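> build me a model from this:
(3 chains)
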Amino acid sequence: MTRLAHGGLIDRGRTLSFAFDGKTFKGHPGDTLASALLANGVRLVGRSFKYHRPRGVVTAGSEEPNALVELRTGARREPNTRATTVELYDGLEAASQNRWPSLEFDALSVNRLVSPFLGAGFYYKTFMWPAAFWEKVYEPVIRRAAGLGRAADTPDPDHYEKATAFCDVLVIGSGAAGLAAALAAARSGARVILADEDFRLGGRLLSERTVINGGSALDFVASAQAELSSLPNVRLMPRTTVFGAYDGSEYGAVERVSDHLPAPLPFQVRQRLWRIVAKRCVLAAGAFDRPIVFPGNDRPGVMSALALATYATRYGAGAGANAAVFSTNDHAVAAALDAAEAGLKLDAVIDVRPALPDALAARAKALGVRLITEGEVVATSGKCLTSITVRTPRGSETLAVEALGVSGGATPNLNLTCHLGGKPVWREDIAAFVPGAVPPGMAVAGAVAGTFGLADILAEGTRLGAAAASDTGFAAAPAPAPQAESTPTGFKAFFHVKGQGTKGGPAFVDQQNDVTAKDVALAHREGFRAVELLKRYTTLGMATDQGKTSNMAGLAVMAELTGKGIPAIGTTVFRPPYTPVALGVLAGHHRGVDFKPARPTPTHAWAQAQGAVFVETGLWMRAAYFPKADEKDWLDSVNREVKATRESVGVIDVSTFGKIDLQGPDVGVLLDRVYINMFSTLAVGKARYGVMLREDGLVMDDGTTARLADDHYVMTTTTANAAKVYQHLEFCLQVLWPELDVCLASVSEQWAQIAVSGPRSREVLAKIVDGIDVSNAGLPFMGVAQGSVMGGVQARIFRLSFSGELGYEIAVPARHGAALMQALMAAGAPFGITPYGVEALGVLRIEKGHVSGNELTGQTCARDLGLGKMASTKKDYIGRVMAGRPAFTDPDRPSFVGFKPVDRSARLRAGAHFLKVGAAATTQNDEGYMTSTAFSPTLGHYIGLGLLKRGPERMGEKVRAYDPVRGGDIEVEVCSPAFIDPQGEKQRV
Amino acid sequence: MSDLLEHIAPTHLVPEGHYGPQGSAGVTAHAVETPAAATLVARKGATARLIVACAAAGLPLADGPRVSAGAGLEAAGTAPGRWLVLAEGVSGADLVARLAAMAPGLAAITDQSDANLILDISGEKARAALAKGVTVDLDPTAFAAGDAATTTVSHVGVTFWRRDADTYRFAVGRSFAPAFLRWLTVSAAEYGFALSGTGRG
Amino acid sequence: MRITCPYCGARSSHEFAYLGDAAPTRPDPSAPDAAEAFHAYVYERDNPAGPMDELWYHSAGCRRWLKVTRDTRTHAITAVAFAGTGEAAR
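Numbering: from 1, shown residues only, chains lettered A, B, ... in the order given. Below is the predicted model of the structure:
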């Protein structure tokens, strides 16, 4: 056990039990999984991605490259969870990854023996030939050998949601700079959000023994948190990772609402996605402890020096029974001495510099910590670390230690500053990239800005927090910055222990991707020197950690090789997300049946009671057909519905059509300009079918528009294009012809509309109207009547026909839709009135030869669809000029006709292409394609509609309908698209 | 999908009842019984005259996204020269006639009494629940009593306004009401959610 | 991204539909060169790097067409106005 005797922000009074790889351990509230494992002496936590090398915990934060585990089991199993950020809870279960059969003995660690062959670019070079081996041999083997954990294989049982927050000042990071910024902004009255990915606010202040405002750092954190919590204008968001900066001062964040619990509490989500709209942002994301590249630097027990210190001070956990630190900078030495004060047995501090500041040297001496100056660690040994070899100008020696903390200095965590294209800039004085151009409204404070001394950090945070608030209109009374001693910030730029050759084992640059200094050298030799090429060739900086700790080391090694210096190498581009984001939280509430809204029609419940089978049409749920018990399949039902409608009467809910109310003196003018045919001449009380084009001459939509009064029309659009047509009309009225006096209102939701079709439809209608004359004279074809039905329900009755039969569409206010349907069913009972669905609707319109969505593809012009003759030559209209282009008037263009199979028993399929009989099936011989097909119960065989080159001139000709995808090759006969009643007599009776 | 909604068809209104932890409700929603509604749209160039005429008839219209009340009517601005007007206790036809009489020749008036579900949402956690779908800033300093917005919530188009300190009134398209209520129910359940006026399901 | 609609105020860009360059105006359909002019109106677009006037439709809000001045390099929006003329006279 390496739990220190006392101290740490853990609740030693309570014990939590958890399991790792099936073995049970104990920890305390306040632990992370990583700290609890270290406290239990577990140093080996995973195997590496490629070589399956044993690996341990390297960091104490979200930048962790190594300690990735599978967390939880069953449906909640989550791979690649960073043990360093997982809060311990009672009953936690975790398992190591990338090992087979066990973590202690991994069969694939033989990869290490062949590692000379697995260097950078290995996949590109090896698995090239033969091509057939890719899918069958190489890929499965590679996938088994190299993976990063297993996802759950059953649906996620938890819920997620999205929310939006607004603030004046968003502060990201709650360390010294962030707390100071939040306090300064909050005291001015500005709305402040303080977000931190940690479950506890305070950042590095939780791990360091410094004095602020005369008290401990922890006291400062506690008082700052208490003050912020008490202010109504502040929202504290711990456990919240701001993962992206977006245009317009928007930030994306994930709040881990329940990840610290075995399962979410009832009615709670697992995670919440936040869109934070912030007028200003202070980024106080701190810095990463930079690793040093040296032989054997990936051995379990070797870790970040600041992490080593954090485990000791914050978590009361020793990373080993004894430890040493290998450093280049004062901050790491001070942190190591803090750890020693907390009870970690720190044997030595090895620093590359010739001397340390007197204060640090004196403190080390007082604590009995040996200082080795001008020292470099050149080798390590043990499966988990047992000893290190230290080289100084004075000679070499071996120290027996179980833990080695390494610090090469600070790498500012500037990820979010780059999301809108900002490029980091190199600061030679601190040998680090700092933010260059930052997103608009963002300021950077503290270590992320390259400001390292505590007093300076607090001052900068205070200044920028106040400035951000002031920018948003809150004149902050200049509050004094929290006072702190000036902490030492000396350092030496040092990235890479050289002169060891291959002695001491591989020197890792990127532990997550198993990239060594040798791989970088290979990339250099082979010409992959640009930073983006280096990344892709070696995989340096890829995967879950995106090179947070490794990128700088890789750049430094490449810079040494090229001799150009780090700023000339540059950095790769940082993109969102900062840390991985679960897909579930991006979906939020919108999964399963809630993926998109399901819109019921006014008669939905009635149709359900009739046993209708529904189909999604866009967002609408529409009845597809109404099966009866004795029917063996859907086609039986559809055939019955079609026959009943043709022979007697059928009803269908057509409320899904778009309906637009148009009022004003210029409606007729507008309609003349948007439809190819005339509407200003339409008589009041009449309706007309219209076709509208896009300005490029192709058909946009079709539908019927009725004139209710001189200055009042109502337009119907197809279900699919309702919103698009409304937008188009607004474009015409606001942009093209703002002088027109026309008022629009969508009435799609206001009116239920039911079509009654068939030879008996007039008799049915007559029974429900309140004294409206529905005779052929009183309400002729394309006539419109306004009045009431069912004893006082306001109604509009349109005599229209989509089926080709005598038919009406009756519109009533939506709340009466279901009652209207029931009234029609009752009135039609003596005639066997039959409800039909969209399947039968489709058959009826194909039999009649009406175009629909399959023909209105956005690639057809009016002439293609046989509608060219409707176009008025007396006026201009949208699309007229472009529809006159030669290609659109070419007689060779495929045009709308009908098709019957020569063998009447054959089945036709939409999508088949037409070929001349005897012609080879080549693209050159293609003459068009079948757009719609149906089995016609009226004719007793399949029928089709389609676009055929010079179709209308080829009546009676036989062509092939060729469908290689589904094995179809059927001879069909060209015919009129109107399979029934081509003269249109039935609808006019 | 939430377990809460597992047995509720996505095409049906979420039935009235209490959702979430037992105890008091942090969020309350009530479907208002069939108020009459109409869109009032100023004719070309007539917005100012329409506002004057309506004010004279007792209905002050706000020239912006705000709600106003008078003459027994409640009018929410939805676009320049456009309002959604509600009236309780009258028919849609009556409302259309009243508006036409207020401003003869100045506006197009369209009955919308059946187009929307009208839902009053209130409670101390109402703002927290609404933040899970409303992408407009609801802080009282940004959206005060009387302010109105036409926007989308959880992929559903809505017009809503803050009637008073506590209550937000939402107009949701009739066919989108089931989806809106599903979103509201899962979003409000953690605070305790009392829903009424939507029937027993 | 947020777009400040002159009527509705600042809104998420999700509420808007994008059309494109606001510069082209519908040609005179009766002009002798109408075919060429319409070809340019429908198809020919500049692709400037920098500020550009664009048409956006506030489809989920007030349903007004807007002229939005956006820098295509940075997405910074510097002005939003109602599109077309005479909007103020609505």
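
> quick one: contacts for the spatially most central residue of chain B?
Centroid-nearest residue in chain B, with Cα atoms, centre = their mean: B:F170, separated by 2.4 Å. Going by Cβ atoms under 8 Å, 6 or more residues apart in numbering or on different chains, B:F170 touches B:L117, B:I118, B:L119, B:D120, B:I121, B:V158, B:T159, B:F160, B:F180. The way it works is simple: take the backbone N, C-alpha and C, and place the C-beta from them, glycine included.

> so what are the sheet partners of the host helix or strand of it and their directions?
In the assignment (DSSP states H and E), B:F170 maps to strand B:168-173. Paired with strand B:168-173 in the same sheet, following DSSP bridges, are strand B:116-122 (antiparallel), strand B:156-162 (antiparallel).

> ok, which stretches of chain C are strands?
Ranges of strands within chain C are C:2-5, C:9-12, C:17-21, C:51-57, C:65-71, C:77-82, based on DSSP state E.

> helix or strand right after the strand holding B:F170?
Remark: after strand B:168-173, the chain's next helix or strand is helix B:177-188, criterion DSSP H and E.

> which other helices and strands contact the next helix-or-strand element following that following helix?
Proceeding N to C from helix B:177-188, the next assigned helix or strand is strand B:193-196, under DSSP H and E. In terms of contacts (3 or more Cβ pairs under 8 Å, 6 or more residues apart in numbering or on different chains; DSSP states H and E), strand B:193-196 is packed against strand B:17-19, strand B:27-31, helix B:177-188.

> re earlier: would you turn the strands of chain C into JSON lines with mean pLDDT?
Compiled in JSON lines, the strands of chain C are given as follows (pLDDT from 0 to 100):
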{"stretch": "strand C:2-5", "mean pLDDT": "96"}
{"stretch": "strand C:9-12", "mean pLDDT": "96"}
{"stretch": "strand C:17-21", "mean pLDDT": "96"}
{"stretch": "strand C:51-57", "mean pLDDT": "97"}
{"stretch": "strand C:65-71", "mean pLDDT": "97"}
{"stretch": "strand C:77-82", "mean pLDDT": "96"}
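
> what's around the nearest residue to C:L19 once chain neighbours are set aside, how many residues?
Spatial nearest neighbour of C:L19, excluding adjacent residues (Cβ to Cβ, 6 or more residues apart in numbering or on different chains): C:L55 at 4.1 Å. As a burial measure, C:L55 scores 21 neighbours (other Cβ atoms under 10 Å in any protein chain shown).

> now do the contacts for C:L55.
By Cβ under 8 Å, 6+ apart, the residues touching C:L55 are A:V735, C:Y18, C:L19, C:G20, C:D21, C:A22, C:W65, C:L66, C:K67, C:V68, C:A83.

> relative to C:K67, how far out is it?
Distance check for C:L55 against C:K67: by Cβ to Cβ, to the nearest Å, it reads 6 Å.

> overlap in contacts, those two.
Shared contacts of C:L55 and C:K67, counting by Cβ under 8 Å, 6+ apart, come down to C:A22, C:A83.

> on that earlier part again, the strand holding B:F170 vs helix B:177-188, what angle?
140 degrees (axes from the mean of the first three to the mean of the last three Cα atoms, to 10 degrees).

> what residues does chain A have near chain C?
A:246-250, A:275, A:277, A:420-421, A:440, A:695-696, A:723, A:726-727, A:730-731, A:734-736, A:738-739, A:876, A:880-882, A:884-885 (Cβ under 8 Å from any Cβ of the partner chain).

> what sits closest to the residue in chain B positioned nearest to chain C if chain neighbours are left out?
As assessed by Cβ to the nearest Cβ, chain C sits closest to B:A79 within chain B, at 3.6 Å. Leaving aside its chain neighbours, B:A79 sits nearest to C:C62 (3.6 Å; criterion: Cβ to Cβ, 6+ apart).

> and for A:R363?
Nearest residue to A:R363, sequence neighbours excluded (Cβ to Cβ, 6+ apart): A:L337, at 5.2 Å.

> check which helix or strand covers that neighbour.
helix A:330-342.

> what residues are up against the nearest residue to A:K875 once chain neighbours are set aside?
The shortest distance from A:K875 to any non-neighbouring residue, by Cβ to Cβ, 6+ apart, is to A:D672 (5.4 Å). By Cβ under 8 Å, 6+ apart, the residues touching A:D672 are A:M678, A:F679, A:S680, A:S872, A:K875, A:Y877.
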